[in-house]
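In: Here is my input; please provide its structure:
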Amino acid sequence: MQQTNFFVAAAFLAVALQFFLQPQLASGQGKMATVLSIDGGGVRGIIPGTLLGFLESKLQELDGANARLADYFDVIAGTSTGGLVTTMITAPNKDNRPMYAAKDINKFYLENCPKIFPQSSRDNFITKVKSLYGKVTGPKYDGKYLSSLTKELLGNITINQTLTDVIIPTFDIKRLQPVIFSTNDGKENVSKNALLSDICLGTSAAPTFLPAHYFETKDGDGKTRSFDLIDGGVAANNPTLMAISHISKQILMGKFKVVDMKPMESSKMLVLSLGTGTPKLEEKYSAVEASNWGLLSWVYEDGATPIVDVYSDASSDMVDIHVSTLFQSLRSEKNYLRIQDDTLTGDASSADIATTENLQKLVQIGNELLKKPVSRVNLETGRFDEVQGEGTNEAALIRFAELLSEENKLRQAELRPSPAQVVSTTGGEHLRRSHAITGIFLAFIFVELSLI
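Out: Numbering: from 1, shown residues only. Next comes the predicted model:
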């Protein structure tokens, strides 16, 4: 009898502890994981810069002038020039708000690109010979201005300080493997908590254009870790799939708690992927032409760098095809919006022609892209076909802004419950504690009985 009473007491105590310790469901838990991805592309970063400026303006119309993109996306991923944009909109200023509003991205490009990529006359023969010689013997640009600019702007800010989780891919040329920097990794692994300025210089070090970037970090024991980095576009010029995989990894590890979802559950993901434009329809190169190319022609052909164009476009398109297939197969196509312009021609398709005329042309292309119809990659041809009934990219971004605003408000409801929620939560809490106290009281009674 004593043993029975003791076990009954233990049972009551266990139930009571459950009431005290069980986690309470968040009343305003979100419904969608939100992702923003920005391709690499040099000066063509102006194109996604234009789109992001428009998106943020719509969020401000919905939620006030202080709304910033970093407030709405769980993950923002960017490669090369996309990594610079990602840093601009997520690095904290002295007030712990984003260093740049989206509307200021293009101002940054228009002011600084001519200094990052200084131009010389391309019309005379001597200049062309110098350009070719420079590409063969070293990077086209020395990168000094970009280095001083990023260090001046970002100072000692490290990746673990960004205002939302960011992902910036790079490639370690010494180890011949991708190195992916993220806010989460920076918080958990001291050796990956690099300066944002170093990460930006690494991810933007495009072969033949800018010098590779070397830097070191230290782990918790003071051991040095070295990085020998070049452009992240070598590994993932379009980091969309990388961002989706990152969320899936966080879910598997039990670290992604804002949305109740399974890994790769596309119906609960809201993904915006922005390209920097491509000359796909121009059909710039041909097999007949390339069959006669040697080393020099792959590096320099009529002012362009075919090898860089090929690997960056191939990387971006493969990711888009995979992500499109994933969302289409799970009937959640509307949750994935890819905006890309495949009609670039001439100077506009270059990564480094930073003349005032070309930069302004890119702004114009970005604005015109807003008016173009929503397109989706054709899995057979690789080209972008208009999606009937989806309207323009402008309309799609307005819809996207509304979904982001709604999602943000759901999550804010969890942080700032309404008076009705406070009453409901308080009442539930009193009832829970009452049950727990009753359980403990009964447990003590049975403990006493077991001792008689």
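
In: where does the residue nearest the centre of the chain land in three-state SS?
Out: Per C-alpha atoms, centre = their mean, the C-alpha nearest to the average position across the chain is that of residue 77, at 1.6 Å. Classification of residue 77 by DSSP: H, G, I helix; E, B strand; the rest coil places it in strand.

In: Now that it has come up, it's in contact with residue 167, right?
Out: Yes: under the criterion of C-beta atoms under 8 Å, residue 77 makes contact with residue 167 at 4.0 Å. Just so you know, the C-beta spots here come from the backbone N, C-alpha and C atoms, and that holds for glycine as well.

In: Pull up the overlap in contacts between these two.
Out: 239, 242, 243, 246 (C-beta atoms under 8 Å, 6 or more residues apart in numbering).

In: Compare these and tell me which is most surrounded.
Out: Greatest neighbour count in the shared contacts of residue 77 and residue 167, by other C-beta atoms under 10 Å, goes to residue 239: 36 neighbours.

In: for this protein, which spans come out with low pLDDT?
Out: In the predicted model, the chain carries pLDDT under 70 at residues 1-28, 121-137, 281-282, 379, 414-452.

In: Now do the strands in it.
Out: For the chain, strands defined by DSSP state E occupy the ranges 33-38, 75-78, 165-172, 177-182, 213-218, 224-230, 269-274, 336-339, 375-377, 384-386.

In: Please name every helix or strand in contact with the last one.
Out: Think strand 384-386. strand 375-377 (3 or more C-beta pairs under 8 Å, 6 or more residues apart in numbering; DSSP states H and E).

In: For residue 118, give me its contacts.
Out: Counting by C-beta under 8 Å, 6+ apart, residue 118 has contacts 141, 354.

In: Kindly recompute the last result at 10 Å.
Out: Taking C-beta atoms under 10 Å, 6 or more residues apart in numbering, we find residue 118 in contact with 140, 141, 142, 145, 352, 354.

In: List the contacts of residue 43.
Out: 81, 109-110, 113-114, 116-117, 276, 347-348, 350-355, 358-359, 362 are the contacts of residue 43 under C-beta under 10 Å, 6+ apart.

In: Identify those among the residues you listed that sit within helices.
Out: Judged by DSSP state H, the contacts of residue 43 include 81, 109, 110, 113, 114, 116, 358, 359, 362 as members of helices.

In: and which of those residues is nearest to residue 291?
Out: Lowest distance from residue 291 to these (C-beta to C-beta) belongs to residue 358, with 30.7 Å.

In: So the closest one sits against residue 109, correct?
Out: No: between residue 358 and residue 109 there is no contact under C-beta atoms under 10 Å: 11.3 Å.

In: Count the neighbours of the nearest residue to residue 180 once chain neighbours are set aside for me.
Out: Spatially, and ignoring its direct neighbours in sequence, residue 180 is nearest to residue 169 (5.0 Å; C-beta to C-beta, 6 or more residues apart in numbering). Neighbour count of residue 169, defined by other C-beta under 10 Å: 28.

In: shouldn't the residue nearest to the centre of the chain be in contact with residue 37?
Out: Yes: contact criterion C-beta under 10 Å: residue 77 and residue 37 qualify, at 4.7 Å.

In: Name the residues contacting each of these two.
Out: With C-beta under 10 Å, 6+ apart, residue 77 and residue 37 have common neighbours 86, 167, 236, 238, 239, 240, 241, 242, 243, 244, 273.

In: among the residues you listed, who's most crowded?
Out: That'd be residue 239 among the shared contacts of residue 77 and residue 37, by other C-beta under 10 Å, with 36 neighbours.

In: Could you pull up the residues touching that residue?
Out: 35, 37-40, 75-80, 82-83, 86, 167-169, 180, 203, 232-233, 245-246, 273, 315-316, 319.

In: Buried only: go through those for me.
Out: 35, 37-40, 75-80, 82-83, 86, 167-169, 180, 203, 232-233, 246, 273, 315-316, 319 (16 or more other C-beta atoms under 10 Å).

In: quick one: contacts for the nearest residue to residue 174 once chain neighbours are set aside?
Out: With sequence-adjacent residues excluded and distances taken as C-beta to C-beta, 6+ apart, residue 174 is closest to residue 228, at 3.9 Å. By C-beta under 10 Å, 6+ apart, the residues touching residue 228 are 170-176, 179, 202, 212-215.

In: so what's residue 228 bridging to?
Out: For residue 228, the beta-bridge assignment (DSSP bridges) gives partners residue 214.

In: on that earlier part again, please identify which pair of the contacts of residue 228 lies farthest apart.
Out: Most distant of the contacts of residue 228, by C-beta to C-beta, are 176 and 215, 18.2 Å apart.

In: And those two? Which one has more around it.
Out: Neighbours were counted for residue 176 and for residue 215 using other C-beta under 10 Å; residue 215 has more, 16 against 9.

In: Would you mind listing the residues in contact with the residue nearest to the centre of the chain?
Out: Here residue 77 is in contact with 35-39, 83, 86, 165-169, 180, 182, 232, 236, 238-244, 246, 273 (C-beta under 10 Å, 6+ apart).

In: same deal with residue 93?
Out: 99, 100, 157, 163.

In: Try it again at 6 Å.
Out: residue 99 (C-beta atoms under 6 Å, 6 or more residues apart in numbering).

In: and which of the contacts of residue 118 is nearest to residue 296?
Out: Looking across these and measuring by C-beta to C-beta, the closest to residue 296 is residue 140, at 14.2 Å.

In: My read is that the closest one contacts residue 209, right?
Out: Yes: look at residue 140 against residue 209 with C-beta atoms under 6 Å: they come within range, at 5.2 Å.

In: Tell me which of those two has more neighbours.
Out: A side-by-side neighbour count of residue 140 and residue 209, using other C-beta under 10 Å, places residue 209 first with 21 against 18.

In: what's the spacing between residue 174 and residue 202?
Out: 12 Å (C-beta to C-beta, to the nearest Å).

In: Which among the contacts of residue 228 count as buried?
Out: 170, 171, 172, 173, 179, 202, 212, 213, 215.

In: now, which of those sits nearest residue 406?
Out: Closest to residue 406, out of all of those and judged by C-beta to C-beta, is residue 170, at 34.7 Å.

In: does that closest one have beta-bridge partners, and which?
Out: So, taking DSSP bridges as the rule, residue 170 has residue 179 as bridge partners.

In: what ranges do the helices span in the stretch 151-300 of the chain?
Out: For the stretch 151-300 of the chain, helices defined by DSSP state H, counting those that start in this stretch occupy the ranges 183-188, 196-203, 233-236, 240-252, 287-290, 295-299.

In: Can you tell me which of these is most buried?
Out: helix 196-203 (a mean of 28; mean count of other C-beta atoms under 10 Å).

In: How many residues are close by the closest residue to residue 106 other than its chain neighbours?
Out: Distances taken as C-beta to C-beta, 6+ apart put residue 49 closest to residue 106, at 4.6 Å, once the chain neighbours are dropped. Residue 49 has 31 neighbouring residues, counting by other C-beta under 10 Å.
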